[in-house]
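Undergrad: quick one: sequence plus predicted model below, questions after.
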Amino acid sequence: MSLAIVTGGSRGLGFETARALKAEGHSVVLVAKDAGRLKDAAASLGCDYRAVNLEDLDATELAFKEILATFGTPQILVLAHGVMSEKMSKTLKTTSQEWRRVMSINLDSTFIAVNILAPSMAEARDGRVIIFSACLGRMSGPGNAGGLAPYRISKAGVNALVRNLAHETGHGARGFLVDAVCPNHTRTDMGGPDAPLSVEQGADTAIWLSTRSFDAATDKTGFLWEERQVIDW
């Protein structure tokens with residue numbers, strides 16, 4: 001039985017991804033901020049959990065070190081946590097506090113999780129890292145085209161992290177895969193009740209990337225995916 005660690009696991013895309021992985025027979029550890037909701041989510045799936053405020057980077061580092069020490073090296077790491085920036089947070093109208101809040105949660109804590117958990121995954125030549133990004137973080141298409149600056153830029157940073165790490169680890173040739181996912185506009189707390197996609201649809205590509213067969217000679221890793229297809233950065 002392989003181990004999967006899923007952040008943002010108390011609700012939305014993280015919970016749906018964890019539910020699917022648990023149903024496929026994986027052992028799952030959920031990570032999220034709200035301890036009460038997280039406990040209920042873990043109980044409903046029959047899995048372990050750790051509560052941590054991912055805005056607190058010192059606490060985040062300690063939490064992931066404890067997870068690694070307690071549960072061992074995961075085979076699957078899904079980073080589905082994230083926050084939206086304030087609606088009026090254009091670059092010249094964003095406070096330093098808002099910038100730091102969004103960057104800490106969306107990018108810095110993502111780096112910490114990968115930095116702590118992924119080395120042993122790569123060394124074991126048996127690991128898949130999937131990070132929920134956003135199409136608003138693309139440098140093409142809607143990309144960084146103004147407004148929601150901390151959110152867009154943090155997700156562009158996630159895309160860059162994935163691309164760089166894939167280069168450093170041989171693009172899957174050594175059994176370690178890393179990819180970013182654009183779930184598109186999904187009916188989550190962030191996406192709202194009128195979003196066109198269900199949570200199941202939004203999580204589908206992350207679940208597929210977590211469990212797909214992979215041939216380094218023909219398949220791809222180190223990209224941004226939407227609906228199981230690579231899309232332009």
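TA: Thanks, I have the structure now.
Undergrad: use CA for all of it now, contacts and neighbours both
TA: OK.
Undergrad: residues near residue 14, how many?
TA: Other residues near residue 14 come to 24 when the count uses other CA atoms under 10 Å.
Undergrad: same check, this time on the one 3 residues further on
TA: Burial of residue 17 is recorded as 28 neighbouring residues (other CA under 10 Å).
Undergrad: for the helix or strand that contains it, packing partners?
TA: Here residue 17, judged by DSSP states H and E, is contained in helix 12-23. Counting contacts by 3 or more CA pairs under 8 Å, 6 or more residues apart in numbering; DSSP states H and E, helix 12-23 packs against strand 3-7, strand 27-32, helix 35-45, helix 199-211.
Undergrad: strand partners (parallel or antiparallel) of the first one?
TA: Read that as strand 3-7. Paired with strand 3-7 in the same sheet, following DSSP bridges, are strand 27-32 (parallel), strand 76-79 (parallel).
Undergrad: which of the ones you listed sits most buried?
TA: strand 76-79 (a mean of 27; mean count of other CA atoms under 10 Å).
Undergrad: burial count for residue 213?
TA: Counted with other CA under 10 Å, the neighbours of residue 213 add up to 8.
Undergrad: could you do residue 93 as well?
TA: As a burial measure, residue 93 scores 10 neighbours (other CA under 10 Å).
Undergrad: so who does it touch?
TA: Counting by CA atoms under 8 Å, 6 or more residues apart in numbering, residue 93 touches no other residue.
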